[in-house]
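Student: Can you look at this prediction? I've put the sequence above it.
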Amino acid sequence: MHRRALLIAPLALAATPAMASSGGGGSAPADTWVRYPTITGMVARGDGSRGVLTVEAGVDVADPALNLRARQSQPRIRAVFNILVQREANVLLPGRVPNVERLAAQLQSATNIILGQRGAKLLLGSVVVS
């Protein structure tokens, strides 16, 4: 078995128009999804060491004009997301789980304010404390 064949074959399949245009079962088309880089915040642990709160987030925007605005506003959205995640990490007590509902509501509200209107749906991939 050739390793190069394993690496190139998936790329070739993804590049075909038939594969790229057909959406997976129930998932949003790739052009409506805007993914933001992983956001981290420092948390205190019970033993005095430091841990990391990691959040993966993105928005699903069906409206093309609003989607363009979401893509163009990525630096502002990332900056505000970093502030909100760090704020959540600061109030997190050692050994406790983060309040994901509050964090999601704050991130959604910040997204709506930055974009100037509603229509972008915030989606959290994972919220992990390590």
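Tutor: Done, it's in. Only a predicted model underlies this, so the values are computations on that prediction, with no experimental measurement involved.
Student: Is it correct that R76 is in contact with G116?
Tutor: No: using CB atoms under 8 Å, R76 is not in contact with G116, being 11.4 Å away. C-beta: built from backbone N, CA, C; applies to glycine.
Student: So these two - more neighbours on which side?
Tutor: Just comparing R76 and G116: by other CB atoms under 10 Å the higher neighbour count belongs to R76, 13 against 10.
Student: At the geometric centre of the chain, which residue sits there?
Tutor: Nearest to the mean C-alpha position of the chain, counting by CA atoms, centre = their mean, stands A57 at 1.6 Å.
Student: from memory that one sits against L122, does it?
Tutor: Yes: the pair A57 / L122 is scored as a contact, 6.5 Å apart, by CB under 8 Å.
Student: where are the low-confidence patches of this protein?
Tutor: Low-confidence segments of the chain, defined by pLDDT under 70: 1-30.
Student: show me where it has strands.
Tutor: With strands called from DSSP state E, the chain shows them at 33-35, 39-44, 50-61, 120-129.
Student: Make TSV out of these and add distance to V97.
Tutor: Output for the strands of the chain, formatted as TSV (distance: least, CB to CB, whole Å):
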stretch	distance to V97
strand 33-35	24
strand 39-44	11
strand 50-61	10
strand 120-129	7
